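Asks: model this:
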Amino acid sequence: MSSSENVIQRGKLLVHIAENGHSFELDCDEYTLVESVQQYLESLSGIRLNDQLLLYLDLKLEPQNPLSAYKLPSDDSEIFLFNKSRMRSNSVPPGPEELESSENNYPDPQRPSSSSHDPHPLDEAPDPALKALPSYERQFRYHYQLGDAIYRRTIVKYETCERLAREQWVQEKALEIARGNLYHFYKMILQNYMDFVKCYSQQQRTHSNILVNFGRDLDRLRSIRLLPVLQTTDRKCLLDFVKEENLQKMVDDCSNSHRQFESKVGDFKQEFGELKRSSEHLFSSKASILGRDLERAVKEHEHHLDEQKSILQALSKDVGLVKKLVDDCLTSQLSNSLRPHDAVSALGPMYDGHDKSYLPKMQTCERTISNLLIFCKNKKTEMNTFVHKYMQKIAYIQYTIKDVRYKFSVFTEALKRQNDQFEHLKVVRGIGPAYRACLAEIVRRKASMKLYMGMAGHLAERLATKRESEIRRREEFLKVNSLFIPRDILASMGLYDTPTPCNVNVAPFDTNLLDIDISDLDRFAPEHLVGLSFKKGSSSTSQDVDERSESGTENYNDFVEASELVEIAGTSKLEVENAKLKAELASTIAILCSFSPETEFEDTDVGNMLKNSAEKTAEALHLKDEHEKHLVNMLKVKRLQCESYEKRIKELENRLSDQYSLDQKLNKDMSSEPMDEASYASSSLLLKSGGIGSSGTMNPNLDSSMVEPNRDEKDEKDTVVADVGMVLATSSTADYVPQQLKSLTSDEQAKASDLVVELQNLLTEKSDQLNETEAKLRAAMEEVTRLGSELEISQNLLEESQMNCAHLENCLSEARKEAQINQSAADRKASDYSKLHGPAVKIRSLFERLKTCASSSGVAGFTESMRALAQSLANSANDNADDEEIRECVRVFAERVSVLTRQRAELIDRYTKADTSHEQLTKELEEKKDLVNTLYMKLQSEKQVNKEKISFGRLELHEIAAFVLNVAGHYEAITRNCTHYYLSSESVALFADHLPHRPAYIVGQIVHIERQSVKSSPVRTTSTTSSTASTQFNPYGLPVGCEYFVVTVAMIPDTAIHSPTAAS
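Replies: Next up is the predicted model:
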């Protein structure tokens, strides 16, 4: 315990000896060294200094440290001393508990001797009843002395039982301390063992898996060919990454080392199992049941002491009674109502009660306590043996723990060497996962690059849109304000500046990546290369997988979330989503490949993670396949339509050639007239319509498939019509015109050919115009479509904005109503505050003045301040009712304070007077007490004098009688008219045994009177129950038939007996 300034902390240090339960209390201070305490304990307990082990709670006290290092001495602190020499396996077990016998300290008193050996004044009394009183007194006194010896021995035995029980409790507590100290180290070594077994099990499982599957791993690496781009002359497959010729020797060495280490660890586990069983058995074995039984038995026997104590009090009371009777007989002060025979007859049952009830009960209680002492002694011996064996077990377990702790370091180092030895084999296992992870990383980087570039383009478009919006806003601003402000002023203000275009340029990267896709992973690096195993019941591994996968993909997920819903130039949102999922799948595959191949995962967690990733990827790829199928189907439909168009075009060419030849025959007369543009335009229109004849009606021979649908294929329709027109025009001029020219003259043929050339040129121009128109129409349709989609989006935004506006208006109206309510409430509160502010200020000032009055020194000052305050308030009166009430209260308060002040002064005056009168009365009371004591002592002395008056008439019990030594050597009572009263031999012995000479006279209190008569017969008959005289020997030389009395007396306290030399 730390000491304060120049104050040394002193206290008691309670030390318990564990081997026998003895306790010592030492006086020490906080600076006392533990070594000094040990030296003192060596002198007390006999335990050598080197064999002492001091424990305080879970701390071991070191000899070189002071007690303050352990916060000692302190209240309720107990130190336990263990003997290390007793903890050795070859130490001698403790012997039986030795106890000191109490029979020698408190032996039984000797039985009272006969009257000849122990004479009594009443032994020579003529009355047998008086002669019996000394015998009763001696017997009662013997009974009391015997009971007192029995009681004292019982007390000593019971205290010994309590001491043994207390020592056993100390031993139990010492065992708890030792057990707790051992349990602390056992938990540490058990935790180390659990960690070691966990690490070893994982390593052993890993190494066994490597050794068992090493050949399969080599075959697996040999079967996987490198990508053609990566192949070289000496590297064709994954197995070429390592030197195969040295692997087999390494496998044999590792296998031998693995088996040897496994055998040694098995022996170590068996040794630790024995340690664990012995420790748990030790912790489960407790001696508290013995202590509880002993303590309960001791408490159950406590009533025997109470019983003996009550019996001893009864014996003491009876001894006092018989002594009083003897004293009364000796002094001849027996009352008229109590005769000697009645007293002796009353003492008989009391004697029987002593002899047959009281003393046997006390002896029975003593025997019971003696049996309890034997039981406690046996239990204490059993406890000593148990403590000895228990501490030996603790010492053995501690030694085993130290040995195991040393072996831990050895096995930990062996684990490291074993792991280093298997590192080369782990390289073979890790080639496949690393190769697959690299390919997955290629796929992920390609997808990430696509998303990255798309985000850059999208960012450029957004910035460009923002710039255009800003430019339009600035132009509108200048357009509005330039009407009022000169342009040069606006230019000086810098309002004609425009935002600089932002060019997002991303330098090309990842240009050297291999051209592989996600579908190529299983082809070039199958999943079995990873070699991951799954098991159930291990959630910690799956948790680590989740943590590593989350940490590995956290940054990439942030990048992917930023690219969500981004349309990359030339791709759709579906393809963007597909690229994202590809990147996620590739990232997950790379993370799984980064785990060690021997890592075991739980089916439920990692399986769900892989299942979710596979489902997402499968869904994205399914959508991609559906989209691809849709495009293929559309392409097939277009091809079929083109084939149908080609067939129809050929049919139309044939029909037009037939129709043309028919028209030529019908118009032979008009062959010289040239075909104008309108007629040829009508024929070209006929060709474009695909089924209109010369009569202007639909040709019924055309198939319905030639009519283009208007719902989804408008662009294709325009393109096909234009192409058909070009084909028809070309085929007509190329195929049919030369057949017509054969039937004409040369001039007509020349004119016709010129006309055909012109028509061809015109047709070409019209076709170009038509193509331009169709292109413009297509662009316009696209613009319309775009505008329609934008319009739809704008309408949706408008509707949403209207809904938001309506909601905002509702919120605004509610806010207005709430603001109005709050404003009205605030106005009310402001008005209330303005109303209350003035009175509050006044009350505040009044309370300040009251505070000033209260802080004034003295009662008189407080009274004067209150009176001045009331006077000032009365002088500053106004019409306010509240102020009037406050002034009235202050005035009343000031008056009452004045009254209380006056009453206080009066009470102080009265207290002074009362104190003076109390002192005077105290003095008078002391004088009266002295007077009463004097009178009481005088009265007591007078009573004693009256009580100690010597009786000279007929002697009675409890009276005081005087006996003088006559010529015959007998003590005869001094009486007036009654003679022949002689003192019994017991009484004479009581008064004269301790004196060198017999006294001339004896004065005592009569306790028994025995009436006798002189008979002629030498036989003496004694009667104690009737007045009939008994025959007896004549010791006093009286005539036959004469009655005499033998009186037994008791000594009177504070009576001095003078013993002058007796007359001869």
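Asks: Helices of the stretch 951-1064 of the chain, start to end?
Replies: 985-992 (DSSP state H, counting those that start in this stretch).
Asks: Am I right that Leu513 is in a strand?
Replies: No: per DSSP: H, G, I helix; E, B strand; the rest coil, Leu513 lies outside any strand segment and is coil.
Asks: can you map out the helices along the stretch 251-400 of the chain?
Replies: Under DSSP H, counting those that start in this stretch, the stretch 251-400 of the chain gives helices at 288-300, 302-330, 340-353, 359-421.
Asks: which of the ones you listed sits most buried?
Replies: Ranked by mean neighbour count, those are led by helix 302-330 with a mean of 21 (mean count of other Cβ atoms under 10 Å). Bear in mind the C-beta positions are built from the backbone N, C-alpha and C, glycine included.
Asks: low pLDDT regions in the stretch 951-1064 of the chain?
Replies: Low-confidence segments of the stretch 951-1064 of the chain (pLDDT under 70): 1016-1033, 1053-1064.
Asks: can you do 90?
Replies: Scanning the stretch 951-1064 of the chain for pLDDT under 90 picks out 951-1046, 1048-1064.
Asks: still on that earlier bit, include distance to Ser865 when you put the helices of the stretch 251-400 of the chain into TSV, please.
Replies: Conversion of those to TSV gives the following (distance: least, Cβ to Cβ, whole Å):
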stretch	distance to Ser865
helix 288-300	70
helix 302-330	71
helix 340-353	85
helix 359-421	79
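Asks: Which strands and helices lie in contact with the helix or strand hosting Ile649?
Replies: Ile649 belongs to helix 603-666 when elements are defined using DSSP states H and E. Other helices and strands packing on helix 603-666, by 3 or more Cβ pairs under 8 Å, 6 or more residues apart in numbering; DSSP states H and E, are strand 533-535, helix 539-562, helix 573-594, helix 714-731, helix 737-741.
Asks: Please repeat the previous calculation with a cut-off of 10 Å.
Replies: Of the remaining helices and strands, those touching helix 603-666 by 3 or more Cβ pairs under 10 Å, 6 or more residues apart in numbering; DSSP states H and E are strand 533-535, helix 539-562, helix 573-594, strand 600-602, helix 677-689, helix 714-731, helix 737-741.
Asks: between that helix and helix 573-594, how big is the angle?
Replies: Compare the direction of helix 603-666 with that of helix 573-594 by axes from the mean of the first three to the mean of the last three Cα atoms, to 10 degrees and you get 150 degrees.
Asks: any idea of the mean pLDDT for helix 603-666?
Replies: For helix 603-666, mean pLDDT is 74.
Asks: Tell me the gap between it and the middle of its chain.
Replies: Helix 603-666 has its C-alpha centroid displaced from the chain centroid by 70 Å (Cα atoms, centre = their mean, to the nearest Å).
Asks: Let the chain start at 898 from now.
Replies: In the new numbering, first residue 898, that becomes helix 1500-1563.
Asks: before we move on, the earlier item: for the helices of the stretch 1148-1297 of the chain, which one sits closest to Tyr1878?
Replies: Go through those one by one with Cβ to Cβ and the one that ends up closest to Tyr1878 is helix 1199-1227, at 10.5 Å.
Asks: so what secondary structure elements neighbour the closest one?
Replies: For helix 1199-1227, the packing partners by 3+ Cβ pairs under 10 Å, 6+ apart are helix 1025-1109, helix 1237-1250, helix 1256-1318, strand 1857-1862, helix 1882-1889, strand 1898-1910, strand 1940-1948.
Asks: what about dumping the CA coordinates of the fifth one to CSV?
Replies: Just to be clear, that refers to helix 1882-1889. Once side chains and other backbone atoms are set aside, the C-alpha atoms of helix 1882-1889 remain, and they are given as CSV (Å, rounded to 0.1, in the frame of the first residue of the first chain):
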residue,chain,number,x,y,z
SER,A,1882,-16.9,-31.7,64.9
GLU,A,1883,-17.3,-30.6,61.2
SER,A,1884,-17.8,-27.0,62.3
VAL,A,1885,-14.8,-27.2,64.7
ALA,A,1886,-12.7,-28.6,61.9
LEU,A,1887,-14.0,-25.8,59.6
PHE,A,1888,-12.8,-23.1,62.1
ALA,A,1889,-9.7,-24.7,63.6
